[in-house]
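# What shape does this take:
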Amino acid sequence: MHIRKGGDLALKIFEFHRPPTADDLEKPTDKRMLALARGMYYSDFDLEEAHALTAIDGWFLFRMQNIVDIYHRLEKEDVTTVTGELLLEAKQAGVSDRQLAKKIGSNEYTVRQARFAKGITPCVKQIDTVAGEWPTQTNYLYTTFIRVEDDVRFNMKNAVMVLGSGVYRIGSSVEFHLSCVVWIRELKPEETSVFGGFILFVAIFMT
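I've put the predicted structure just below:
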């Protein structure tokens, strides 16, 4: 199954095509983060300069620089030489398979298969909605590559996945969400393991 993610396409459209100026960094426009990323990638400035011009906390700037450093390390590898440690580090930094493929001269499917072969898959964690006061019972889940183990147990026997319709603008989505809830409630009495979620969530879950 091929899942195309909007975030990968958006970065291609809004690339910053020139060395950023002080004005690009000082003014909080919609292009400033792209200017920062471009400047870090080509070493147009150091982090101290970036902090002085943007007033962005160094904590965030260091994490942006870490992603850039991972990109540079990936560019020295191909799909046969890239290590599991580097793949995992990239996934934990939020790098998609498509972005990985571009950096190591491969394709999204091959990168995904390489991840699977090295055991690099996300785990499912449960959101703590009660701030640790008592064990949470709500089944609000998310996936992450910063993982130890799943918070929930999956029974895949007779399992059914109900895919939601994704996000809609406010005021026009309740009926679509309700239809998923109704389907899940109808399937439950049949002793079936049911997994439900918005299409955006499931797209992440399946990678």
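# residues contacting the spatially most central residue of the chain?
With distances taken as Cα atoms, centre = their mean, Gly94 lies nearest the centre of the chain, 4.8 Å away. Going by Cβ atoms under 8 Å, 6 or more residues apart in numbering, Gly94 touches Ile67. For glycine as for every other residue, the C-beta is placed from the backbone atoms N, C-alpha and C.
# so is it in a helix, a strand, or just coil?
On the three-state scheme (DSSP: H, G, I helix; E, B strand; the rest coil), Gly94 is labelled coil.
# and the gap between it and Leu100?
Computed as Cβ to Cβ, to the nearest Å, the Gly94 to Leu100 distance reads 11 Å.
# now Leu163
The value you get for Leu163 to Leu100, if Cβ to Cβ is used, is 25 Å.
# out of those two, which sits in the busier spot?
When Leu163 is set against Leu100 and neighbours are counted by other Cβ atoms under 10 Å, the residue ahead is Leu100, at 26 against 15.
# If we go by neighbour counts, what in the host helix or strand of Glu89 is buried?
With elements taken from DSSP states H and E, the one containing Glu89 is helix 84-92. For helix 84-92, burial by neighbour count (16 or more other Cβ atoms under 10 Å) applies to 86-91.
# just stretch 115-125 next, same as before
115, 120, 122, 124-125.
# And for stretch 15-27?
Applying 16+ other Cβ under 10 Å to stretch 15-27 flags 16, 20, 24-25 as buried.
# rewinding a little: will you turn the buried residues of helix 84-92 into TSV that also has pLDDT and distance to Arg185?
Output for the buried residues of helix 84-92, formatted as TSV (pLDDT from 0 to 100; distance: Cβ to Cβ, whole Å):
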residue	pLDDT	distance to Arg185
Leu86	97	44
Leu87	96	39
Leu88	96	38
Glu89	96	41
Ala90	96	40
Lys91	96	35
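# ok, and for stretch 69-87, which residues are buried?
So for stretch 69-87, counting by 16+ other Cβ under 10 Å, buried means 70-71, 74, 77, 79, 82, 86-87.
# and the longest helix along the chain, what does it pack onto?
The residue-count maximum for a helix in the chain (DSSP state H) belongs to helix 58-74. In terms of contacts (3 or more Cβ pairs under 8 Å, 6 or more residues apart in numbering; DSSP states H and E), helix 58-74 is packed against helix 32-41, helix 47-54, helix 84-92, helix 97-104.
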